[in-house]
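> attaching a predicted model along with its sequence, questions to come.
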Amino acid sequence: MASITHFLQEFQATHFATSVALGGLSLFIFFSFFIQRFRSTQKNGNSKLPPVPVVPGLPVIGNLLQMKEKKPHKTFLRWAEIYGPIYSIRTGASTVVVLNSANIAKEAMVTRFSSISTRNLSNAIKHLSGNKCMVATSDYDEFHKMVKRYILTDVLGTNAQKRHRCHRDTMIENISNKLHAHIKNSPLQAVNFKKIFEYELFGLALKQSLGHDVESIYVEELESTLSRGEIFKVLVSDLMEAAIEVDWRDFFPYLKWIPNKNYEMKIQRMVFERQAVMNALIKAQKKRIASGEEVSSYLTYLLSEAKTLTNDQITVLVWEPIIEISDTTMVTTEWAMYELAKDPNRQDLLCKEIQNVCGTNKMTEEHLSKLPYLGAVFHETLRKHSPTPIIPLRHAHEDTQLGGYYIPAGSEIAINIYGCNMDKKQWEKPEEWKPERFLDKKYDPMDLYKTMSFGGGKRVCAGSLQASLIACTTIGRLVQEFEWRLKDKEEENVDTAGLTSHKLHPMQAILKQRN
Ligand code: HEM
């Protein structure tokens, strides 16, 4: 949905061409549209609850033209100011109910979950996730419960995170060493923090999932040796981009018989390359296992425990934490460092807190529970820069209700996390980054879910513990060791891009070593 402009250009061209070629198609579209409208009015007539407020749009395409801006979460928040925290829009053939307040979002995720527990995936995500084979994209069924148990047991749960502690410690040391080396070699030059952090985070993800980090690998199906940068591109960045590729048929399922060749070939190529690289990495890990080398990894665990899974399912499941770890945690940590580099007073407050607790010792995960201001920095960053601004659409498979309104079966539900986190009724001056708001007594310092950023209910983020351990320890150590200042004009670079809230322009900061 994010690249609506791209979609609209494509839609206009394609729609025009098909209308001419197929003569009565437009009539058919209008006919289906009115039938759909008629049906929903009929159903709603049976309910005592009022229908949700509707954002007016155009026939057939609904509100698509009003979402030209590439950030639907911001458009949704603007509409919430006019139509209230819950309203409906039309994206082509679908009715999407948009939720912008924490209370109604929680009602959808917890109280009414049994009616809204499935997902209608976009064509791109359906292909990329091996048809709902990932934990995050599967419907809430037996398969989901099984694979969620696997990922929590071996990768993301409390015990698994204790086992993976050594990888996180190595990661922090590497980042710190690289930054010290940067200051030594080019003290006046700004550092691209994202580049260093992303590299190390990807290494950690590979170790947890496949036992080893790699510098390069020969990929048989591609007949070439891929560098680490190329592996990252195939496994993470290309696929994050592909996830927001718009197939106009997503909006008009009754037109799915019309081919969209370019789109299909692009997605198929990406899925093929991902499979090829994963095959090479899996083969290398199996070789290490066969040689008796003791390398624990998620792959090793799935091969021995998950006997009912196919090889293709195992590949997607092992790839899942790689892409999830490499992205949202990076986004959160970079925005936190940006905010601290921009705000020397708050950076100072954090540094003093760390000095008081750690003295001359390096800050580690053991100190986290004694550092409330650091926790507040993390939560305020999650709030203001919600890494997943909109939760992938859920689907009401039966009539239900939300916020006192009637929700007919078949509605898509968009939970606008950004809207919840910027809700003026809940947060004073939500546009300001003020960690102090989380020092209020009403918050339990150890509660990871102070904002809506990790979702909630049965589908709450499985990686919230890992994300908080990595982000908090990295932010704390980097403020303990360095003084951060934004490069000139960097303050204005607040634009985001992509499915998650990536900083469009990676932060450029000048560092000074602290004594
Ligand atoms: C700051 C970082 C992160 C944020 C803000 C975040 C956000 C979210 C959100 C909002 C959901 C709920 C989606 C829904 O309700 O449909 C989710 C689910 C999930 N997240 Fe995260 N996430 C983060 C880090 C991670 C990490 C590091 C992993 C590691 C693999 C991870 C793995 C998952 C999984 C497996 C699910 C699916 C859970 C389920 O469907 O039962 N996340 N995440």
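Sure thing, it's come through.

> and for M67, the neighbour number?
Using other C-beta atoms under 10 Å, M67 has 23 other residues around it. For glycine as for every other residue, the C-beta is placed from the backbone atoms N, C-alpha and C.

> before we move on, what about I61?
Using other C-beta under 10 Å: I61 sits among 21 other residues.

> next: T158.
Applying other C-beta under 10 Å, we find 8 other residues in the vicinity of T158.

> how about it, phi and psi?
The phi/psi pair for T158 (degrees, to the nearest 10) reads phi -60, psi -50.

> what's the closest non-adjacent residue to it?
Counting by C-beta to C-beta, 6 or more residues apart in numbering, the nearest residue to T158 once its immediate chain neighbours are dropped is L465, at 6.6 Å.

> G203 too?
Counting by C-beta to C-beta, 6+ apart, the nearest residue to G203 once its immediate chain neighbours are dropped is D213, at 4.0 Å.

> measure that neighbour to N177 for me?
15 Å (C-beta to C-beta, to the nearest Å).

> neighbour-wise, which of these two wins?
Neighbours around D213 and N177, counted as other C-beta under 10 Å, are more numerous at D213. The numbers are 17 against 11.

> hang on, that one in a strand?
No - residue state for D213 (DSSP: H, G, I helix; E, B strand; the rest coil) corresponds to coil; a strand is not indicated.

> quick one: pLDDT of it?
In the prediction, the pLDDT value recorded for D213 is 95.

> thought it was touching E200?
No - applying C-beta atoms under 8 Å, one finds D213 not in contact with E200, separated by 9.3 Å.

> in the stretch 401-515 of the chain, which spans are helices?
Counting by DSSP state H, counting those that start in this stretch, the stretch 401-515 of the chain has helices at residues 417-421, 464-481.

> kindly report the residues of the chain close to the ligand.
If contacts are counted using C-beta under 6 Å from any ligand atom, the residues of the chain sitting beside the ligand are 135-136, 148, 151, 156, 321, 324-325, 328-329, 332, 387-388, 391-392, 453-455, 459, 461-463, 466-467.

> among the residues you listed, name the buried ones.
Buried residues within the residues of the chain next to the ligand, counting neighbours by 16 or more other C-beta atoms under 10 Å: 135-136, 148, 151, 156, 321, 324-325, 328-329, 332, 387-388, 391-392, 453-455, 459, 461-463, 466-467.

> what's the neighbour count on N262?
N262 is surrounded by 9 other residues when neighbours are defined as other C-beta under 10 Å.

> shaky segments in this structure?
Within the chain, the set of residues satisfying pLDDT under 70 comprises 1-47.

> spatially central residue for it, please.
T388 (4.2 Å; C-alpha atoms, centre = their mean).

> let me know the angle separating the helix or strand containing Y199 from helix 464-481.
Under the criterion DSSP states H and E, the helix or strand holding Y199 is helix 193-210. Our comparison of helix 193-210 with helix 464-481, counting by axes from the mean of the first three to the mean of the last three C-alpha atoms, to 10 degrees, yields an angle of 140 degrees.

> what residues of helix 193-210 count as buried?
Going by neighbour count (16+ other C-beta under 10 Å), the buried part of helix 193-210 is 193-194, 196-210.

> how about stretch 484-496?
Going by neighbour count (16+ other C-beta under 10 Å), the buried part of stretch 484-496 is W484, R485, L486, E490, T496.

> before we move on, what about stretch 109-116?
Using 16+ other C-beta under 10 Å as the burial criterion, the residues of stretch 109-116 that qualify are M109, R112, F113, S115, I116.

> in strands, which of those residues appear?
Counting by DSSP state E, none of the members of the buried residues of stretch 109-116 fall within strands.
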